[in-house]
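Enquirer: mind folding the following:
(2 chains)
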Amino acid sequence: MSTATSLRRVVPILLGCLALPSCEAPKPKPELLTPTEEPSKLRSYQSRTFDVATRVAALRTVMDVLQDLGFIIERANEPLGLVSAARFAEPSYNDVMSVTVTVREAGEGRFTIRANAVHNNRPVVDAETYQKFFAAIERSFVLTRE
Amino acid sequence: MRLPGRDRSGAATAAVIAAVLVLPSCKTSPRAAHFELQPEAPKYRAAQTRYFETTDSKELLSASAAVLQDLGFGIEESVRELGFLRAAKERSAREHGQEVLRGLFMVLSSAASAFGGDFYTYIMPIDLHQKIAATLVARPLDEKGTRQEVRVMFYRVVWKGDGQNGRDHIAPGEQRMEMVHDPEIYQQFFACLAKAVFLEAHAL
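Expert: Prediction:
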């Protein structure tokens, strides 16, 4: 058998071996759906529980604070405890900060407020942003009680 | 204990570097600044808010919707339980001044290109279309609900038309948004609302 003939046989086999792994679907990583530390840490930044009598009172406070901060309320849903708002970063007008706030009952007279902020289509993950928001909410609750 | 000269200057440099490293962390990040109350916030709030001596929150919200309709707005969203309304109207944003400026730029750039030899025409994009929107929230100020607060915020989104910069075409659709902070606009709205509910609008 000549060298050219043996090469003609070997090359398709080699190509087949190379092509085979690409036919196999990539296996999902085992940690893809398991909760990691990061999301739980983020959730803790984004959530705070307050003593409020009703869901409506909590939602009204959230809306009031968002308006004070210059946000435009886009949607509100009382039964779901949902408020979504957005604001342009004046005076640049190019940056948009949008926020979705949910209010969920966490026991008798207690409600958990969770905020998700998105800056120019990127989720905000720094704790400071949420600290500022909840400080404003806390201040508003104190003023309401007074 | 006294440090020798070189050690002292080293310690001073280290202190300056540490201060420089620490300083930026004290400053609020631009994203967090969006959630900080601005110094103008109380002034804007005062202009945007009035309260009415009434227990009828439903009538107040209904009258607010009617006033917005009278002003040419269409109601886009309403939630009675939260006293929330969102309304908008679309209008032309063309302004005489911008048209004149656009013509002037075009003539000047064409003349310059005729004398200079190079082709260069600048056609300034101008404001074409705008959406004026309002969000309104009415809420009781006390537990008995004898006083109701109404807060309205107006803003507008403006879209520019197309233009030309030399041989490059400037595509239409550039968008900008601005809050309306003119107190007169809010005064007019609340005057209409007070008339509609036969009540006096009290400033905060």
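
Enquirer: which residues of chain A lie near chain B?
Expert: A:56, A:59-60, A:63-64, A:67-70, A:72-78, A:87-90, A:93, A:97, A:117, A:119, A:124, A:126, A:128-133, A:136 (CB under 8 Å from any CB of the partner chain). Quick note: C-beta positions are derived from backbone N, CA and C, even for glycine.

Enquirer: let's go with 7 Å and repeat that
Expert: A:56, A:59-60, A:63, A:67-70, A:72-73, A:75-78, A:87-90, A:93, A:97, A:119, A:124, A:126, A:128-129, A:132-133, A:136 (CB under 7 Å from any CB of the partner chain).

Enquirer: which of these fall in helices?
Expert: A:V56, A:L59, A:R60, A:M63, A:Q67, A:D68, A:E128, A:T129, A:K132, A:F133, A:A136 (DSSP state H).

Enquirer: farthest-separated two in these?
Expert: A:V56 and A:E128 (29.6 Å; CB to CB).

Enquirer: and the strands in chain A?
Expert: Ranges of strands within chain A are A:47-51, A:72-77, A:82-88, A:96-105, A:110-119, A:122-123, based on DSSP state E.

Enquirer: before we move on, what about chain B?
Expert: B:49-53, B:74-79, B:84-92, B:122-123, B:127-140, B:147-160, B:163-165, B:168-170, B:175-179, B:202-203.

Enquirer: can you put these in CSV and add mean pLDDT, mean neighbour count and distance to A:L42?
Expert: CSV is the format used below for those (pLDDT from 0 to 100; neighbours: other CB atoms under 10 Å in any protein chain shown; distance: least, CB to CB, whole Å):
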stretch, mean pLDDT, mean neighbour count, distance to A:L42
strand B:49-53, 94, 20, 34
strand B:74-79, 94, 15, 29
strand B:84-92, 93, 18, 28
strand B:122-123, 82, 18, 48
strand B:127-140, 92, 21, 29
strand B:147-160, 92, 20, 30
strand B:163-165, 82, 17, 43
strand B:168-170, 82, 12, 40
strand B:175-179, 83, 16, 29
strand B:202-203, 82, 12, 42
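
Enquirer: could these go into CSV alongside distance to chain A?
Expert: Putting the strands of chain B into CSV (distance: least, CB to the nearest CB, whole Å) gives the following:
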stretch, distance to chain A
strand B:49-53, 9
strand B:74-79, 5
strand B:84-92, 5
strand B:122-123, 22
strand B:127-140, 5
strand B:147-160, 6
strand B:163-165, 18
strand B:168-170, 16
strand B:175-179, 4
strand B:202-203, 17
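
Enquirer: contacting residues for residue 99?
Expert: Reading this off chain A. When contacts are counted by CB atoms under 7 Å, 6 or more residues apart in numbering or on different chains, A:V99 touches A:F71, A:A85, A:A115, A:N116, A:A117.

Enquirer: nope, chain B
Expert: Counting by CB under 7 Å, 6+ apart, B:E99 touches B:I126.

Enquirer: hmm, 10 Å instead?
Expert: B:M124, B:I126 (CB atoms under 10 Å, 6 or more residues apart in numbering or on different chains).

Enquirer: with A:A58 instead?
Expert: A:50-52, A:81, A:83, A:101, A:103-105, A:110-113, A:137, A:141.

Enquirer: looking at those residues, which one is closest to B:L193?
Expert: Closest approach to B:L193 among these (CB to CB): A:V83, at 23.5 Å.

Enquirer: need the pLDDT of that closest one.
Expert: On pLDDT, A:V83 comes in at 96.

Enquirer: tell me how many other residues crowd it.
Expert: Using other CB atoms under 10 Å in any protein chain shown, A:V83 has 28 neighbouring residues.

Enquirer: contacting residues around it?
Expert: Applying CB under 10 Å, 6+ apart, the residues contacting A:V83 are A:58-60, A:62-63, A:66, A:71, A:73-77, A:99-103, A:113, A:115, B:79, B:82, B:84.

Enquirer: please apply the same query to A:H119.
Expert: A:A89, A:D95, A:V96, A:M97, A:S98, A:V99, A:D126, A:T129, B:P30, B:R31, B:H34.

Enquirer: other residues contacting stretch B:106-113?
Expert: Residues contacting stretch B:106-113 (CB under 10 Å, 6+ apart): B:D118, B:F119, B:Y120, B:T121, B:Y122, B:I123, B:M124, B:G163, B:Q164, B:N165, B:G166.
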